[in-house]
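Visitor: Predicted model, plus sequence, below.
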Amino acid sequence: MPAFFSLFLLVMILHATIAFSRHPPVRISEATKWSSTRRQLGKNTCRTGNPIDDCWRCDPDWETNRKVLADCAFGFGCNAVGGQDGNLYVVTDSDNDDPVNPIPGTLRYGVIQEEPLWIIFDKDMVINLKEQLFMNSHKTIDGRGQNIQIADGPCVTIRNVSNIIIHNIDLHTWLCAGRKRRDAVFGSTSITISNNYMFNHNEVMLMGHSDDFLDDKNMQVTIAFNFFGENLVQRMPRCRHGYFHIVNNIYTGWEKYAIGGSASPTINSQGNVFMALDNNDTKEASFSILKVTRHESLTGYEEWKSWNWRSDGDVLLNGAFFTPSGQKNPASYIKASSMVARPASYLTNNSPQAGALKCQMGYQC
């Protein structure tokens with residue numbers, strides 16, 4: 001089954017680098033070349049305006065107080081506690097992934113346990129999974145303080161479980177059921193995907209199993225403070241049914257479209273920066289690199305004109321355009337509203353980060 005998430009509640013994917021080649025994390029404003037006008041943060045402050053980062057990154061004792069992270073959540077996944085109520089489990093073995101008889105000290109052994117666990121790592125690691133890694137409920141995978149990569153193999157799968165937090169992990173070159181992707185399907189809901197750096201991929205995120213799967217009408221997803229980088233084609237995300245709050249992200253180009261959907265999803269786009277590719281040759285061939293949105297319907301405009309899609313406070317650059325539809329009044333987007341959007345100028349004037357962080361123990365991160 002080509003699914004990264006399915007049938008689960010309360011998930012946060014935070015500060016991950018998700019890609020199909022290695023690349024260092026970037027500062028959003030540097031990647032978008034606004035350094036000449038960027039307001040540098042004061043030397044005596046570590047506040048960024050990103051609510052989850054501001055909750056814990058200023059604490060030099062973050063390593064001792066790791067579990068505070070579970071109280072820093074926002075968006076539709078804000079109630080995810082992960083393994084906050086459990087013991088620390090330390091991954092010490094990155095080389096012996098045994099899907100049949102998982103070995104204590106490996107990541108696989110930790111994530112399949114019945115009890116809540118907060119999983120950390122004792123050193124830098126590259127973990128090559130031999131088979132899909134199916135997680136159990138009430139788990140946190142916390143890579144802060146180390147360089148942790150899950151790479152070049154099957155994916156981490158979250159299915160029929162709840163209360164999952166994945167933080168500061170470099171996820172790249174995954175293969176799930178023959179496809180490389182990260183999806184939320186089959187009735188998934190209460191999800192926050194935040195602070196990730198994504199690049200070098202075609203179909204980035206799918207939200208919703210199919211147009212006919214009506215259980216996805218209850219899906220609520222927050223996509224916030226992510227950096228959608230180079231060589232991305234489409235599905236950032238692609239939505240079916242449900243309610244989607246796409247807020248304070250940076251998009252630096254797309255080949256087909258950035259945000260798409262079918263089956264009447266509600267899409268609330270607020271405070272994002274959409275920067276179309278600056279390629280004159282491509283523009284002459286197609287307007288795909290300019291259009292942020294794609295309404296997918298067999299019957300065309302007469303069907304999708306009633307879908308509630310709005311752009312509120314977004315910045316559109318290099319000729320990018322967003323095609324709204326449906327209602328304009330804020331009341332129509334209450335179920336697709338999960339947090340207060342920062343002005344898009346927050347992204348251009350400050351130096352927010354996306355991707356896995358380099359945190360040193362004993363220092364602010």
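Guide: Now that the structure is in, tell me what you want to look at.
Visitor: how much space between the closest residue in space to V111 that isn't next to it in sequence and R159?
Guide: Nearest residue to V111, sequence neighbours excluded (C-beta to C-beta, 6 or more residues apart in numbering): M135, at 4.6 Å. The C-beta positions use only the backbone N, C-alpha and C, and glycine is treated the same way. According to C-beta to C-beta, to the nearest Å, M135 and R159 sit 8 Å apart.
Visitor: Between those two, tell me which one has more neighbours.
Guide: Neighbours per residue (other C-beta atoms under 10 Å) separate M135 from R159, with M135 holding more: 24 against 17.
Visitor: wait, the more buried one sits on I158?
Guide: Yes. The pair M135 and I158 qualifies as a contact (C-beta atoms under 8 Å) at a distance of 5.3 Å.
Visitor: okay, and the common contacts of those two?
Guide: Counting by C-beta atoms under 8 Å, 6 or more residues apart in numbering, the residues touching both M135 and I158 are I164.
Visitor: Point out where the stretch 151-300 of the chain drops to low pLDDT.
Guide: 173-187, 279-286 (pLDDT under 70).
Visitor: could you pull out the helices for the stretch 51-200 of the chain?
Guide: Here the stretch 51-200 of the chain has its helices, by DSSP state H, counting those that start in this stretch, at 51-56, 107-111.
Visitor: gap between the longest one and the chain center?
Guide: A distance of 16 Å separates the centroid of the chain from that of helix 51-56, by C-alpha atoms, centre = their mean, to the nearest Å.
Visitor: Doesn't Q360 belong to a helix?
Guide: No. Assigned with DSSP: H, G, I helix; E, B strand; the rest coil, Q360 falls outside any helix and is coil.
Visitor: Identify whichever of the helices of the stretch 51-200 of the chain lies nearest to Y363.
Guide: Closest approach to Y363 among the helices of the stretch 51-200 of the chain (C-beta to C-beta): helix 51-56, 13.0 Å.
Visitor: Report the mean confidence score over that closest one.
Guide: Mean per-residue pLDDT for helix 51-56: 90.
Visitor: Tabulate the CA atom coordinates of it in CSV.
Guide: Extracted in CSV, the C-alpha atoms of helix 51-56 (Å, rounded to 0.1, in the frame of the first residue of the first chain):
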residue,chain,number,x,y,z
PRO,A,51,5.7,29.0,17.9
ILE,A,52,7.1,25.5,18.2
ASP,A,53,10.7,26.7,18.0
ASP,A,54,10.2,29.6,20.4
CYS,A,55,8.8,27.1,22.9
TRP,A,56,12.0,25.1,23.4
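Visitor: any idea which element F274 lies in?
Guide: If you go by DSSP states H and E, F274 is part of strand 273-275.
Visitor: Who are the packing partners of that strand?
Guide: Applying 3 or more C-beta pairs under 8 Å, 6 or more residues apart in numbering; DSSP states H and E, one finds that strand 273-275 contacts strand 250-251, strand 315-317.
Visitor: Tabulate those strands in JSON lines, adding columns for mean neighbour count and distance to I120.
Guide: Listed next are the helices and strands packed on strand 273-275 as JSON lines, based on neighbours: other C-beta atoms under 10 Å; distance: least, C-beta to C-beta, whole Å:
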{"stretch": "strand 250-251", "mean neighbour count": "25", "distance to I120": "29"}
{"stretch": "strand 315-317", "mean neighbour count": "16", "distance to I120": "38"}
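Visitor: so can I have JSON lines of those strands showing distance to P154?
Guide: Formatted as JSON lines, these follow (distance: least, C-beta to C-beta, whole Å):
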{"stretch": "strand 250-251", "distance to P154": "29"}
{"stretch": "strand 315-317", "distance to P154": "38"}
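Visitor: Assign N202 to helix, strand or coil.
Guide: Classified using three-state DSSP, N202 is strand.
Visitor: Of the helices of the stretch 51-200 of the chain, which is nearest S262?
Guide: With C-beta to C-beta as the measure, helix 51-56 is the member of those nearest S262 (30.7 Å).
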